[in-house]
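Quick one, what's the 3D model for this:
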Amino acid sequence: MIYSRFVLHAMTLAKEKDFLRHAAALLTPGGCLYLECRSINDPLAHQGEIISPTERIAGHYRRFIVLDELQARLQTAGFVIADAVESQGLAKLGADDPVVIRVTARRE
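Numbering: from 1, shown residues only. Just a heads-up that it's a prediction; the model follows:
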């Protein structure tokens, strides 16, 4: 298994694609990839300096993830989506309650 929490939204799309390819290469068939990242629907996605439609700098770089697009990239990398959810209440820290995406994907 590979567990990635609050990492994808800190890397560029190109680096994410590299990460997914490496994850697929490391996992044996049936192995699980667990992801948690900030969603494009998080309020922070509308704050800070605009780099692209999904990228902002507000204190530091973030690329906000679109769930459907992430699922397509996972499938392209050789994963099957076992579970996916996008919601608040998944990663509360003090007063911060971001909109988060959680995905469980299995390597084919």
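
Let me know the next secondary structure element after the lengthiest helix in the chain.
Taking DSSP state H as the criterion, the chain has its longest helix at helix 13-26. Using DSSP states H and E, the helix or strand that follows helix 13-26 in sequence is strand 32-38.

helices and strands around the helix or strand following that next one, which ones?
Downstream of strand 32-38, the next assigned helix or strand under DSSP H and E is strand 49-50. Helices and strands touching strand 49-50, by 3 or more C-beta pairs under 8 Å, 6 or more residues apart in numbering; DSSP states H and E, are strand 55-58. C-beta coordinates here come from the backbone N, C-alpha and C atoms, glycine included.

Any buried residues in the strand it packs on, and which?
Glu55, Arg56 (16 or more other C-beta atoms under 10 Å).

Moving C-terminal from that strand, which element do we reach first?
strand 60-63.

which helices and strands does that following strand pack with?
Judged by 3+ C-beta pairs under 8 Å, 6+ apart, strand 60-63 is in contact with strand 55-58.

List the neighbouring strands of the strand it packs on plus their orientation.
Taking DSSP bridges as the criterion, strand 55-58 forms sheet pairs with strand 49-50 (antiparallel), strand 60-63 (antiparallel).

Of the ones you listed, give the one that comes closest to Pro43.
Across the strands paired with strand 55-58, Pro43 has its closest neighbour in strand 60-63 (11.9 Å, C-beta to C-beta).

that older thread, out of the strands paired with strand 55-58, which is closest to Phe6?
Nearest to Phe6 among the strands paired with strand 55-58 is strand 60-63; the distance by C-beta to C-beta comes to 9.8 Å.

what's the closest of the strands paired with strand 55-58 to Tyr3?
Of all the strands paired with strand 55-58, strand 60-63 comes closest under C-beta to C-beta, at 19.5 Å.
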